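> need a 3D model of the sequence below.
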Amino acid sequence: MSHGKQFTIYMHYMAPNSWKVIFALNILGLTYEPSFLAFDDVKNPEHVRLNPNGRVPTLIDHKNGDFVVWESDAILLYLIDTYDPGHRLSVVDPKEKANLNQWLMFQASGQGPYFGQSTWFSHFHPEKLPSAIVRYQVEARRILGVLESVLSKQDYLVGGKLTVADIAFVPWNNIIRRVIGDEFDFQKEFPSTFAWHVKVADVDGVKKGLEERLKLIAEEEKKVQA
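Okay, the predicted model is just below:
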């Protein structure tokens, strides 16, 4: 079976983890076809055959034997290991590689789960559980505090340059008020992290992805209103 694009990415337009992969594909100049799944469809048998965890994103590399990778930060590592010879989003030094992996693990084990649980209990859980909301909002602030402690001393997380470690944090930080609350002042509470976020979000491939996300949200809102 021939494919016009190199990659197919199964994703949901509202799922933050999907967009970090889009950012990397854009920056690396790789062609892809998004396949949007409804949240109810991520567990369908066709998708689970590709991704046994039944979550998004899932990436298929058609030019590498239809190789399948899932878990968003694992996808980022695959992309830079395989398609970033010029190190646009990666580093060369072994110690810096370890630091890059460290930040990706922190994003995957810290930011994603805590921000996600805060969003769930604040907006989607069928009953209000104030203790859960407070717990995860406190943890979200703690994650931002870790970033602030580093970014107050340097411009990027690794190697003095933009890497996948930086772009991995953008999708969740981009919806931070939904995570912590409308009263949250990102710039005031974590000024260095805010400045870094704005800078990374303005990178062409990231900006393009964020604009596409907003476009898709607007289209879905029109469907609901119709």
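
> buried residues in stretch 81-97?
83, 84, 88, 89, 90, 91, 96, 97 (16 or more other CB atoms under 10 Å). (C-beta placed from N, C-alpha, C; glycine too.)

> give the contact list for the third one.
This points to residue 88. Neighbour list for residue 88: 27, 28, 162 [criterion: CB atoms under 8 Å, 6 or more residues apart in numbering].

> equivalent analysis for the second one, please.
Contacts here follow CB under 8 Å, 6+ apart; on that basis residue 84 touches 28, 90.

> residue ranges for the strands of the chain, please.
7-11, 32-36, 58-61, 67-70 (DSSP state E).

> CSV please, covering the ones you listed and showing mean neighbour count, distance to residue 201 and mean pLDDT.
Formatted as CSV, the entries for the strands of the chain read as follows, by neighbours: other CB atoms under 10 Å; distance: least, CB to CB, whole Å; pLDDT from 0 to 100:
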stretch, mean neighbour count, distance to residue 201, mean pLDDT
strand 7-11, 22, 19, 98
strand 32-36, 16, 20, 96
strand 58-61, 24, 22, 98
strand 67-70, 18, 25, 98
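
> can you list the ones you listed in TSV and add distance to residue 208?
TSV is the format used below for the strands of the chain (distance: least, CB to CB, whole Å):
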stretch	distance to residue 208
strand 7-11	15
strand 32-36	12
strand 58-61	18
strand 67-70	22
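
> doesn't residue 114 make contact with residue 139?
Yes: the criterion here is CB atoms under 8 Å, and residue 139 meets it with residue 114 at 4.1 Å.

> those two: who's more crowded?
Ranked by neighbour count (other CB atoms under 10 Å), residue 139 and residue 114 place residue 114 first, with 21 against 17.

> my guess is that one meets residue 138, correct?
No: counting by CB under 8 Å, residue 114 does not reach residue 138; the two are 9.1 Å apart.

> quick one, domains of this structure?
Under the assignment automatic domain parsing, the domains of the chain span 7-88, 94-204.

> indicate which one of these is closest to residue 224.
Between residue 224 and the domains of the chain, the shortest separation by CB to CB is 13.1 Å, and it involves domain 7-88.

> can you give me the first-to-last residue distance of that closest one?
The first residue of domain 7-88 is 19 Å away from its last residue (CA to CA, to the nearest Å).

> distance between that domain and the chain's centre?
In this view, domain 7-88 has its centroid 11 Å away from the chain centroid, taken as CA atoms, centre = their mean, to the nearest Å.

> cool, stretch 182-199 as well?
In terms of CA atoms, centre = their mean, the gap separating the centre of stretch 182-199 from the centre of its chain is 18 Å.

> kindly check the end-to-end length of that stretch for me.
As for stretch 182-199, its first-to-last residue distance stands at 22 Å under the measure CA to CA.

> and the contacts of that stretch?
Judged by CB under 8 Å, 6+ apart, the contacts made with stretch 182-199 from elsewhere in the structure are 141, 144-145, 147-148, 151-152, 155-156, 166, 169-170, 173-174, 176-177.

> for the chain, what spans make up the helices?
Using DSSP state H, the helices assigned to the chain run over residues 16-28, 45-50, 72-83, 94-106, 112-123, 130-151, 164-173, 176-180, 186-189, 191-201, 204-225.

> dump those into CSV; add distance to residue 56 as well.
Listed next are the helices of the chain as CSV, based on distance: least, CB to CB, whole Å:
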stretch, distance to residue 56
helix 16-28, 5
helix 45-50, 8
helix 72-83, 9
helix 94-106, 18
helix 112-123, 13
helix 130-151, 21
helix 164-173, 12
helix 176-180, 19
helix 186-189, 26
helix 191-201, 21
helix 204-225, 14
